[in-house]
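**Student:** A structural model of the following input is requested.
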Amino acid sequence: MSAVVAFVDLLAGRRDPAALIARDWDGVIGVARSEAMLATLAHRLEHAALPSTVAGLFADQRGAAKVTRAQALWEAEMACRALTPAGIEFVLLKGAAYAAADMACAAGRQIGDLDILVLASDIRRAENELLNAGWEWVKSDPYDDLYYREHMHELPPLIHKARDRMIDVHHTILPRTHRITPDALALVSDAVTSSGGYAVLQPTDMACHCAAHMLADGDLQGGLRNLWDFHTMTRDFAAADAGFWGKLDGRAALHGLRSAVHRAARLSRDLYGACLPEGWDRQDPGDGWFRRRLFARDDWGRVTQPLLEQAFYIRSHWLRMPPAMLAKHLWTKWRKR
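**Tutor:** Purely as a prediction, here's the structure:
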């Protein structure tokens with residue numbers, strides 16, 4: 001039994017944890033660690049009958065996840081204290097947003113950097129206010145700094161000098177040079193207030209951003225975690241709103257993300273058992289490559305198909321910038337190494 005298949009089956013509820021032997025658990029835990037989803041699995045199996053060693057590990061992971069969640073929300077509060085007095089509104093993105101909205105996908109989710117979205121017109125003021133509040137630049141290289149400012153969808157990353165926590169300040173959700181240009185103004189203007197009191201993307205935009213982050217702006221590193229986010233949020237949004245899938249289709253078209261969102265939905269069905277409505281529940285031969293990429297780990301959590309991983313890495317850069325710019329960028333980065 002493949003450990004990564006067993007791991008996905010456990011998340012999807014297709015496999016009985018009691019049927020796993022010690023060797024199986026070693027593989028599942030190795031894959032879960034590699035995917036930064038060990039605490040997620042711990043929450044998913046919180047009430048399952050588990051071997052004592054596994055139960056103890058999972059209890060520790062759930063406790064650590066509570067600390068991570070509190071830290072993420074504290075960083076959101078610090079950003080609020082830095083930006084709100086200057087009249088700069090921001091929208092939480094990714095893990096901090098899920099935590100602030102108390103979403104199911106936040107249970108055990110690893111949250112690294114604080115990601116926020118501000119209007120493009122506020123990006124320079126936000127930068128200055130954060131610098132004045134104790135954040136400083138992570139990247140000191142002039143080329144990297146210029147690359148972020150001219151081509152990316154965010155400022156160069158900042159880290160707080162006292163708390164050692166990073167913040168990524170976005171002005172849209174895909175690089176400026178990307179073939180797809182989401183409507184950043186609509187993302188900000190249609191944001192909603194979460195149960196935690198912070199602005200977050202409205203449900204269809206949140207699903208669009210999740211799909212974009214996974215399929216249109218990356219090489220599928222962390223793909224199982226991002227797909228789990230997409231799966232749980234769309235499941236819960238659809239349960240709360242019978243018209244959700246239709247609204248999602250329209251909003252994805254607005255942002256130019258219809259292909260990515262539909263593919264994320266199909267992968268969610270294939271891996272985690274999502275129930276999709278008519279018009280979404282079809283087959284696409286190209287999805288097979290994405291499934292292979294997501295399952296390409298051995299029982300130690302190591303990548304088993306490096307050429308496929310490299311192909312997706314090249315694909316991610318190909319989507320991000322035109323060929324001439326891509327060649328220049330890769331040449332520059334190679335020379336700098």
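
**Student:** which secondary structure elements does the helix or strand encompassing residue 159 contact?
**Tutor:** Element membership for residue 159 (DSSP states H and E) is strand 158-160. If you count contacts as 3 or more C-beta pairs under 8 Å, 6 or more residues apart in numbering; DSSP states H and E, strand 158-160 packs onto strand 135-137, strand 166-170. (Each C-beta comes from the backbone N, C-alpha and C, glycine too.)

**Student:** what's the next secondary structure element after the host helix or strand of residue 187?
**Tutor:** For residue 187, the host element (DSSP H and E) is helix 184-189. For helix 184-189, the succeeding helix or strand toward the C-terminus, using DSSP H and E, is strand 192-193.

**Student:** on contacts alone, who are the packing partners of that following strand?
**Tutor:** Packing contacts for strand 192-193, counted by 3+ C-beta pairs under 8 Å, 6+ apart, involve strand 199-200.

**Student:** Residues contacting the strand it packs on, please?
**Tutor:** With contact meaning C-beta atoms under 8 Å, 6 or more residues apart in numbering, strand 199-200 is reached by 89-93, 97, 100-101, 191-194, 206.

**Student:** quick check: mean pLDDT across that strand?
**Tutor:** Averaged across strand 199-200, pLDDT comes to 98.

**Student:** ok so, going back, counting neighbours, which of the contacts of strand 199-200 end up buried?
**Tutor:** With burial judged by 16 or more other C-beta atoms under 10 Å, the buried subset of the contacts of strand 199-200 is 89-93, 97, 100-101, 191, 194, 206.

**Student:** picking that back up, for residue 310, state which of the contacts of strand 199-200 is nearest.
**Tutor:** Residue 310 lies nearest to residue 93 out of the contacts of strand 199-200, by C-beta to C-beta, at 28.0 Å.

**Student:** one step back: now tabulate the helices and strands packed on strand 158-160 in TSV and tack on mean neighbour count.
**Tutor:** Below are these laid out as TSV (neighbours: other C-beta atoms under 10 Å):
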stretch	mean neighbour count
strand 135-137	17
strand 166-170	21
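
**Student:** could I get the ones you listed as a markdown table with mean pLDDT?
**Tutor:** Shown next, in a markdown table, are the helices and strands packed on strand 158-160 (pLDDT from 0 to 100):
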| stretch | mean pLDDT |
| --- | --- |
| strand 135-137 | 93 |
| strand 166-170 | 96 |
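
**Student:** Please spell out which residues along the biggest helix by length in the chain are buried.
**Tutor:** With DSSP state H setting the assignment, residue counts place helix 52-83 as the longest helix in the chain. The neighbour-count check on helix 52-83 (16+ other C-beta under 10 Å) flags 54, 57-58, 61, 65, 68-69, 71-73, 75-76, 78-80, 82-83 as buried.

**Student:** So for that helix, mean pLDDT?
**Tutor:** For helix 52-83, mean pLDDT rounds to 97.

**Student:** quick one: that helix to chain centroid distance?
**Tutor:** On the basis of C-alpha atoms, centre = their mean, to the nearest Å, helix 52-83 sits 17 Å off its chain's mean C-alpha point.

**Student:** immediately after it, which helix or strand?
**Tutor:** strand 91-93.

**Student:** just checking, what packs against that following strand?
**Tutor:** With 3+ C-beta pairs under 8 Å, 6+ apart as the test, strand 91-93 has strand 114-117, strand 199-200 packed against it.

**Student:** Of the ones you listed, flag the one that's most buried.
**Tutor:** Among these, ranked by average contacts under mean count of other C-beta atoms under 10 Å, first place goes to strand 114-117 (a mean of 26).

**Student:** For the most centrally placed residue in the chain, which non-adjacent residue is spatially closest?
**Tutor:** Nearest to the mean C-alpha position of the chain, by C-alpha atoms, centre = their mean, lies residue 226 at 4.7 Å. Using C-beta to C-beta, 6 or more residues apart in numbering and skipping the chain neighbours, the partner closest in space to residue 226 is residue 214 (3.9 Å).

**Student:** residues contacting that neighbour?
**Tutor:** When contacts are counted by C-beta under 8 Å, 6+ apart, residue 214 is found next to 220, 223, 226-227, 230, 260, 264.

**Student:** And residue 120, by the same measure?
**Tutor:** Neighbours of residue 120 in contact, by C-beta under 8 Å, 6+ apart: 171-172, 184.

**Student:** ok, and the most crowded of those residues?
**Tutor:** The most crowded member of these, judged by other C-beta atoms under 10 Å, is residue 172 (22 neighbours).

**Student:** and it, backbone torsions?
**Tutor:** Main-chain torsions, residue 172, degrees, to the nearest 10: phi -160, psi -170.

**Student:** how about the nearest residue to it, chain neighbours excluded?
**Tutor:** Sequence neighbours aside, residue 184 is the residue nearest to residue 172 in space, at 3.8 Å (criterion: C-beta to C-beta, 6+ apart).
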